[in-house]
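> test case, fold it:
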Amino acid sequence: ARKGEEIEREPRKVVISSLDIVDFQPPEVTLLVRCSKGTYIRTLGKDIGEALGCGAHLKTLRRTAIADLHIEEAVDLDLFERMTEEQRIAVLLPPDRLLQSLAPVKLDEEATKKFLNGMKVRTDERSIEEAKVRVYGISAEKTEFLLGVGRLTSDGVLAPDRLISFVDNDR
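Residues are numbered from 1 along each chain as shown. Below is the predicted model of the structure:
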């Protein structure tokens, strides 16, 4: 788009939960859109302009929420850089916050080591069909921690999909 090239996009089904006018100062309008993933907001703006017969484009696009994360929880980068390490840790959200829609699977210490080395492991968990899950392991100190995301099969085999890289070599 920045190069002036038109990119063909395949039509896809999306859901617009709400479309509210926040401000109207002709010729500009500020909208608040709640929508499903995969919605091209720039295309929505263009489509609204075409439907009104006047044309339209986005001047500004600001994401204010994704899943259950909201802009009100965000910390300004300049402020974050001025914080002490302890203050930064206090405001950071846990890494699994965006994975809450995935079922959790917990591994024992032996399976944790195998899984972190990229190996499939057998679990007591079952899935009706292959499903993405968030995977937790346990350290030698019996501390539970997020390993990443895996794929669980109906026969209880769990394969790593995306793993978190750790600096601490004890894990």
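
> do you know the pLDDT at residue 171?
Residue 171 carries a pLDDT value of 48.

> same question for residue 109.
Looking at residue 109, its pLDDT is 92.

> got it, and the one 5 residues further on?
At residue 114, the model reports a pLDDT of 95.

> kindly report the same for residue 168.
58.

> check residue 25 too.
Value listed for residue 25 in the pLDDT field: 95.

> any idea what it is bridged to?
residue 28 (DSSP bridges).

> next, count neighbours for it.
Neighbourhood size, residue 25 [other C-beta atoms under 10 Å]: 7. The C-beta positions use only the backbone N, C-alpha and C, and glycine is treated the same way.

> kindly provide the distance from it to residue 38.
30 Å (C-beta to C-beta, to the nearest Å).

> and what of residue 146?
Residue 146 sits 26 Å away from residue 38, going by C-beta to C-beta.

> neighbour count: these two, which is higher?
More crowded of residue 146 and residue 38, by other C-beta under 10 Å: residue 146, with 16 against 9.

> could you point out the longest helix of the chain?
helix 41-52 (DSSP state H).

> please parse this protein into its domains.
Domain assignment for the chain by automatic domain parsing gives 16-62, 97-163.

> which phi and psi does residue 101 have?
Residue 101 adopts backbone torsions of phi -80, psi -10, taken as degrees, to the nearest 10.

> with that, I have no additional questions.
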